Every structure is written in structure tokens, then in C-alpha cells.
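>>> when you get a sec, could you give me coordinates for this:
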Amino acid sequence: MTETTPNYLPLILIVDHDDLSHGMVQKSLEKGGFRTVRAPDHTDPLPLFIEKQPDLVLLELEGPGCTGLESCRRIRSLVLGRHTPILVVTGNDEGDLVHRAFEAGASDFVAKSGNPDLLVYRARCLMRNGRLLKNLQQSEDRLARVQQIARLGDWEWSPENGRFWKSQQMFAILGTSQEADSGTLTGFLQQVAPKDRDLVREHFERALDDPAGCDFECRIVRGDGSERLVWIYGRREPTGAPRSVHLLGTLQDVTEVRRSEARSRMLKEAVDSLQIGITFSDAHGRIVYLNPAEARMHGFEVEELIGREARAFAATPHRRQTPPNRLTDGTTWRRESVNVRRNGEEFPVLLTSIPVLDREQRYLGIVTTCEDISERKENEERINRLAYYDNLTGLPNRSMFLERLHQCLAQAGRDGDVLSLVFLDLDNFKDINDTLGHGAGDKLLYEVALRLSECIRESDLLARLGGDEFVVLLTSISCQDRVAAAVQRMLDIFQEPFEIEGRTVYSSASIGIALFPDDSHDASSLFRSADTAMYHAKSEGRGRFRFFSEEMNHKILHRVALENALRQGLERGEFFLHYQPQWDLRTNRMVGAEVLLRWQSADFGLMLPSEFISLTEDSGLILGIGEWVLRSACQQARLWARQGHPEFRVAVNVSSKQLKQQDFVAMLNQVILETGVDPKSLELEFTESVIMENAERTIETLEALKDMGVQLSIDDFGTGYSSLNYLKHFPVDRIKIDRSFVADVSRSTDDAAIVEAIITMAQSLSLKVLAEGVENSDQLHHLSQLGCDEVQGFYLAMPMPADALEGSLGREHGRRVGKHEVTEWFDSRSDASPWPAAPSHSAKSSRKICAVRENG
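Coordinates of the predicted model:
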């Protein structure tokens, strides 16, 4: 039981050495309603005090073997004894002993010879005062703890006497001690930040007359020099004297509070400024806070949504449910969902939810971020479309087509179906692209895709592989005739011209077809087979289609092997040059030679130009080989010039691909500089078709070549489609009459008339004329009569190595035409010839490609 428990009897510890006196005291106390316990004689009463925790100690100051004053001090030093009343009993009425007893901590004293009944009243009075003192001290302690926790101190200012009292906690806030304090308002103001001192003084003085008191913030400077922000509150209180008041108040350190408020404010401003939505919901799912972005995202004002259920934003009920375990495990939950705006519009969102739990892991609420990912979804869809669809035509691209092809092949393999892979390539797309520009080329591809889409079935798959290549997968057509009919419909779309940028453009296509499972069993080999068939269709002419066959495959393998051998041939030095002389009919002198390419392949033996020239063009090898031919011919011309023949020229054919090179002129100029040849010793030959592919650009290139000093000629003149209007603008030196007109010039009046017209036109333009393919004396005679300037052909000399030609340089030919007797000087067909005779070449068998053709 405690002292506040009903029927509780207070306990008194008696420390007395007189047994007779103890009996009387004990009897009086117990009669007065107390319990007693006596400390044994000649022992330390402290252990018994700690054990019994009495309500009062009756302590005799004097006795044998015991010092009462020491016992008093030791009891007071204990926490338990701090507020326990100690009533000392002494037989000595000397004031000095009593004084020392009070200094030791005694609460009161009685004389040993006093009335025992009076002792009972004295004990009750001391215990009542002790309880009040203890309660007061506990209240002060609690107040001090509260003030410490709240960082709150209190103060009192009396203007009349100038006293400024501060509590202990206020000293702690100010960082000073009571001993160093002056106890005046001036002393306190010294601890206020200089800029705020007048403010504090004004508030205090105004509060003396204002019933509302004062309430303000200011800065103080602590004893260590640090600055703190404090809140001061004060109100006036009457002192009891007339017209006399003083101020009572508190001072609270609000530095951390203001910092926290500033952080919260900054955090709120940051959250409010975010473009993603943030929502705080309580344990019941009600919104207690959301930022403007969240409200704006859903078409509301912030105030309209406070208190509403956050899940109401979800577009469908099943999306509104949060898994129960997510609310208790405290882990972040991230998912995509669909929300709905105020106007009913649904939109995709990315939600990140973080449950908030207390220390006992009880669910308090949830923080959710909401990001509108509409744009991201659109970008993903756009990227996905770019990954699987052609950006120009909108058709499936190679990746998507291959994916679908693999699926269809697998299904067809299981069902035993037949599939047809149709590979389509435009025939003249590069010419259109180069002539009209890439914009026109893209427009043509779009129109082709549109027409193809209209001529196939819904079950068929059309795709653009890239460039000018399209592919179609025909399903459920097992009959080749039906496949052929479907492919013919694809070719028929090219019958009507295309209107491209105000121009009428004609185009055609070559198509290859491969069948599954007859031709191939997998996607890659099926592609190769269709591509092979397309190549064969293209090689046979425009606007055709071909089904794949094994014979085609053999030809392709041979072509691949030949191309590899060509690539290695240039590195191995397997190419060499022959020269066919060109003669001036007026002087009968050799004035030049046409350069002809030969290839002695390590794999295929001696190869005729007709067997490999077209492949060099298709593969692009013509550029490297052509440069080698130009360099070798220039080196040989330079050598002959050093041997005394500086005006002797070498003629090199230039192909279309060479002329279209961006750096062709620069490359040739570099070759001329490195070989040291006189540009006048070099003649470049171009066919009419090469020149007319892009006439305006060709004129610029030819003029640049002419400025270098190189001679220029038009080869195979009369077989192309050159315009006389353009011809007069080409800076050429001579034209070469094609062998097809020379062959019958002595027998056909038509051919003779054409040749005569060409010669007359050339002379009117101050151009030289060279006839090629002269194979008999009648041709030579007629050409001379018609005024032709120069000739070449087997009748005069066959192609020969450079060292065989050197002996004839500058000499007259033995075959004269003239008044017109032909005498023998050199017979290229005689047995004495150091190289084999060549058969007569018809016009059909000759090819005119980049310094590699064979002339007769």
C-alpha cells in the first residue's frame, strides 16, 4: 500500500539508543496511528531505510557509537531520502547542534524531554509538508522535462527593479549559466542578435500596456557564438502594488521547427512542381494529399479530390484492387495500368505505390506516384512499327516478313501446303533515282507498293525488303499455272506509266519465284532460290519472271567462283594489256592504239572479255580494274613518249560506273601526275549510252577532263540515242563509227550513206572520224573515199602486246589505198605473226565496256 491508499498507516523509522525512551515514543506514535520500526543499536540505519522506505525518520543526534548528523547527511544524499522528513531528537538545547542538524538536512527537531503526544502532531505536520514538497518538486521536475523536450524556457521581467529572471531551461537555450547572468533585461538583450535587439525591446515595452502581451520571433546568439531562432511570448501580470505590472513569458527554441517547416515547404513546392502525379492516401484509401499534376492529369482541381477514393481513377474495377499482401509487406509495387479522366477518356499510366507502416507494421496509408505514359506508349508503338514496317511504303519490312515466313513455313510443313516466294526487283530504278532524284525514286517505290497491294489477295503477304526489292508470299496455291497467273498480274501493274512529280515515268520489274517445299525447305535457302531466279529473269530482259531451277543454281555457283577469281586476279597480277593499232588514212602512219584487257586466270585459264566483263560491272570490280587499266596504259604511253613517240596516243574505254564515280576526275588526275604521262597521249572513249545517261552532269565531267588536256571520243557512234543538240555541246575530239556500219559499207548503199553522213556531220563539227572493224580492202577503200580520217581492224593489225607494237611505231603501213594500189608491208595474218590470228568478229559479238572490249 502507498500513502494515498485508504487505511494506510504511515511508517516511522526510529533511530534511538535509549530503550526506555524508545518504548515511550513507540507507544505514543502507534497510538497516534503510525507504524514504527527501530534500527538496531550500534548499526548503520541506512540499509534499513533503503529497505523499508519510511514516511518519516525519527533520528536521535547523540548516542554511543553513532553519529546522528552523519546518518542525516547520508539519508539526504539518497534519491529516496531527498524528500523524506527527518525529525531529529536531541537532549542538548544548544543552538550550535541544532544549526548543524539543519545543515545536514534535518526537517525539524524536538527535545528528548518533550511531551510524547506533541511528537505525534509534529510528525503529522512534517509528513504533510513533506508530501507537499515532494509533489511540488515532482511538478517542477515534470515541468523542467517538458520544457527541455519542448526547448521552452520561462522568464519574468520586473521593470521597477530591473530584474530579469530566467528559468534553468532558458539558460540552456541561451547557452549560458546562471552564475554568469546579470539578471537584467540589458544582460538578456546582449544575447539577442544585434539586428533584433530594438525589436525585442519594443515588444517588451509595448506589452506592459497591452493586455494581449507580445508574441514574436527573433534570433539569439548562444554562448558558443551559434545563432538560434526563438519564439518569445509574454503577458503582463499585476504585482499587487498600485499601477505596477511585470511581464511573465516563455522563450522557445524554434530553430529546428522552422528548418523542418522550410524543408516541408521546399518538399511540397518540389512535389507540387513535379510533372508526375503524387497522391497520399490514408488506411481507408481516401486521398489526404495530392499534387497539382495528379489533379490536372485527371481533369480536376486539387480541392475537388481531397477525401475521395484514390482507386476511383482506375478505368476498370479489377484495376482498382490492390493485392492485400502489398499493404502489409511494405514493399514498393510498380505496375502499368489504365486510368480515366474526368471526361471519361482512358489513358495509360505507370503507378508506383509505397505502403506506409508504423513501428508495429500496421498499415497507415500509401504513397502513389502516377505518370502519364501516353507519349511513351505512342513512341513504343512507333518504334515497334519502325522495327517491323517500312517507313516509306508502310509495308512489312524484312524483319517482320522473315518472322511471318518462318511461321508460315512451319505451318505449311505440318499441313503439307505449298508456298510460293515471289522476289520482285525494279529494272531501271537506279537510272530513275540518279536522273530524277531520290525524292522521285521514293515516290515511285510508294506507287509500286500501292499497286502491288491492290493486285494480291488478303491472305498473301507483301513486304519491302529495302531499296527497290519487294517480296510476296503466296499461300494456298499449289498449281504453278496459278502462281504464274498471280505473278503476271504483278508485272501487269507496270503497263501503265507512273506520274512522278509531274513527269511520266515508265518502269518494269524482274521477278523470281521459288516454291516450298519443292525448291527449298527453309527460309534462307528459299530466299536465295527466289533471288537466283530473279537474277536470271533480269539477265534475259526486262519485265519477265522465272521459276527457280537447279540449273540456275549451278550458274550462280559458277558466277560466285568467277567473281572470287576476279577479285584475286587483280591482287595476283593476272591481268595484262594488248594494244590494237589505229592508222591515219592520209599519212598511212600508226597514230594510236586502243587498249584491250586480257585475263590469264589461275583457276579458269585464259578468259575472253565477253566471259567476265559484265560480272566486273555487276560486282563493282570494274572500278578497281578500270583504274589499273588507266594506270598501266598511262605508264606505257609515257614509256613510248620517252622512246621518241610523244604524239602517239592510247585509247582507253571508260564504263558508265567509272564515269559516275564522284572522284573519277580526281583519280585520273592523280594517275596522270604519278605516271608523268602527257595528258594529250591519253584518249578516253565513252559510248553514246554512257554519255546520255545524265547528259548535263556528263558534260561537266567531260569539260573537266578536257581542261586536263585529255582527248575524248564517242565510241560505237550511230548505235545509241544521242541527240545532235547534245552532241555539239560535248567537248569531244573524235567519233568512232560502229563496226555494224563498216561491215557492209562496200556492199550496202544504206550503210555507205550512214557512214558518209556521220563523216560529213563530224567534219562540220571539226571532229575526227575513226572507223573500227575494218576487215578487208574494200572496206578500207570505201572509207578512204568517204573521207574517213582513221581506221582500225584486223585487216590492218590484230591486238598485240606492247613490246610487239614498239617496232611499228611511227612507220607507214604497207597497205596503201589510192590511186589506189595496195602494197605489202605488214601482214598481220601471216605465219610470221608473233601472236595467234583472231577470227572475224561480228557486230553482235563485240562488247564496249571500260577499256576491256575486243575490236576487229
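
>>> any idea how far the residue nearest to Leu473 when sequence neighbours are not counted lies from Leu409?
The shortest distance from Leu473 to any non-neighbouring residue, by Cβ to Cβ, 6 or more residues apart in numbering, is to Leu461 (4.3 Å). From N, CA and C alone the C-beta is placed, and that goes for glycine too. As defined by Cβ to Cβ, to the nearest Å, Leu461 lies at a distance of 12 Å from Leu409.

>>> do I have it right that the residue nearest to Leu473 meets Pro396?
Yes: counting by Cβ atoms under 8 Å, Pro396 is a contact partner of Leu461 at 6.8 Å.

>>> who's in contact with the residue nearest to Leu473?
By Cβ atoms under 8 Å, 6 or more residues apart in numbering, the residues touching Leu461 are Pro396, Phe401, Arg404, Leu405, Cys408, Val472, Leu473, Thr475.

>>> the third one - how many residues pack around it?
For Arg404, the neighbour count with other Cβ atoms under 10 Å is 15.

>>> what's the answer for the fifth one, then?
Burial of Cys408, expressed as a neighbour count using other Cβ under 10 Å, amounts to 18.

>>> next helix or strand past the helix or strand where it lies?
Per DSSP states H and E, Cys408 falls inside helix 398-415. Heading C-terminal from helix 398-415, the first helix or strand you meet, by DSSP H and E, is strand 419-426.

>>> give the buried residues for whichever helix or strand comes after that next one.
The first helix or strand that comes after strand 419-426 along the chain, using DSSP H and E, is helix 429-436. By 16 or more other Cβ atoms under 10 Å, the buried positions in helix 429-436 come out as Phe429, Ile432, Asn433, Thr435, Leu436.

>>> grab the nearest non-local neighbour of the fourth one.
Using Cβ to Cβ, 6+ apart and skipping residues adjacent in sequence, the residue nearest Thr435 is Asn694, 6.1 Å away.

>>> which residues touch the one you found?
Asn694 touches Asp434, Thr435, Lys660, counting by Cβ under 8 Å, 6+ apart.

>>> and those as CSV, adding pLDDT?
Output for the contacts of Asn694, formatted as CSV (pLDDT from 0 to 100):
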residue, pLDDT
Asp434, 80
Thr435, 80
Lys660, 86
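
>>> may I see those organised as CSV, with distance to Gln635 added?
Below are the contacts of Asn694 laid out as CSV (distance: Cβ to Cβ, whole Å):
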residue, distance to Gln635
Asp434, 33
Thr435, 36
Lys660, 25
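
>>> out of these, who's nearest Arg263?
In terms of Cβ to Cβ, no member of the contacts of Asn694 lies closer to Arg263 than Asp434, at 68.1 Å.

>>> which residue comes closest to that closest one once chain neighbours are left out?
Here the residue nearest Asp434, using Cβ to Cβ, 6+ apart, is Asn694, at 6.2 Å.

>>> ditto for Lys377
Pro348 is the one closest to Lys377 (Cβ to Cβ, 6+ apart), at 5.2 Å.

>>> one more: Trp155?
Lys166 is the one closest to Trp155 (Cβ to Cβ, 6+ apart), at 5.1 Å.

>>> all strands for the stretch 651-800 of the chain, in order.
682-687, 711-717, 734-737, 768-772, 790-792 (DSSP state E, counting those that start in this stretch).

>>> for the ones you listed, give me TSV that also has mean pLDDT.
Below are those laid out as TSV (pLDDT from 0 to 100):
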stretch	mean pLDDT
strand 682-687	94
strand 711-717	91
strand 734-737	93
strand 768-772	95
strand 790-792	96
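
>>> turn those into TSV, including mean neighbour count and distance to Asp55.
As requested, the strands of the stretch 651-800 of the chain are arranged in TSV below (neighbours: other Cβ atoms under 10 Å; distance: least, Cβ to Cβ, whole Å):
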stretch	mean neighbour count	distance to Asp55
strand 682-687	25	132
strand 711-717	23	135
strand 734-737	26	142
strand 768-772	25	144
strand 790-792	24	146
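
>>> could you dump those strands to TSV with distance to Cys370?
Listed next are the strands of the stretch 651-800 of the chain as TSV, based on distance: least, Cβ to Cβ, whole Å:
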stretch	distance to Cys370
strand 682-687	70
strand 711-717	74
strand 734-737	80
strand 768-772	83
strand 790-792	86
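
>>> output the below-cut-off pLDDT ranges for the stretch 651-800 of the chain.
Residue ranges of the stretch 651-800 of the chain with pLDDT under 70: 720-726.

>>> mind redoing it with 90?
656-657, 659-662, 687-699, 716-730, 745-746, 748-751, 765 (pLDDT under 90).

>>> and Leu445, what is it in contact with?
Leu392, Thr393, Phe429, Arg464, Asp468.

>>> ok, of these, which one's closest to Thr749?
Phe429 (42.9 Å).

>>> which residues does the closest one contact?
Neighbours of Phe429 in contact, by Cβ under 8 Å, 6+ apart: Gly441, Leu444, Leu445, Gly467, Asp468, Ser507.

>>> what is the burial count for the nearest residue to Val367 once chain neighbours are set aside?
Counting by Cβ to Cβ, 6+ apart, Ile354 is the residue found nearest to Val367 once chain neighbours are left out, at 4.8 Å. Neighbourhood size, Ile354 [other Cβ under 10 Å]: 15.

>>> now do Gly277
24.

>>> beta partners for it?
Beta-bridge partners recorded for Gly277 (DSSP bridges): Cys370.

>>> ok, Ala771 to Arg734 distance?
11 Å.

>>> who touches both of those two?
Glu790.

>>> helices of the stretch 501-650 of the chain, start to end?
523-539, 550-572, 609-619, 621-642 (DSSP state H, counting those that start in this stretch).

>>> same list (those helices) but as CSV, adding mean neighbour count and distance to Thr43.
Formatted as CSV, the helices of the stretch 501-650 of the chain follow (neighbours: other Cβ under 10 Å; distance: least, Cβ to Cβ, whole Å):
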stretch, mean neighbour count, distance to Thr43
helix 523-539, 20, 109
helix 550-572, 14, 120
helix 609-619, 18, 122
helix 621-642, 20, 122
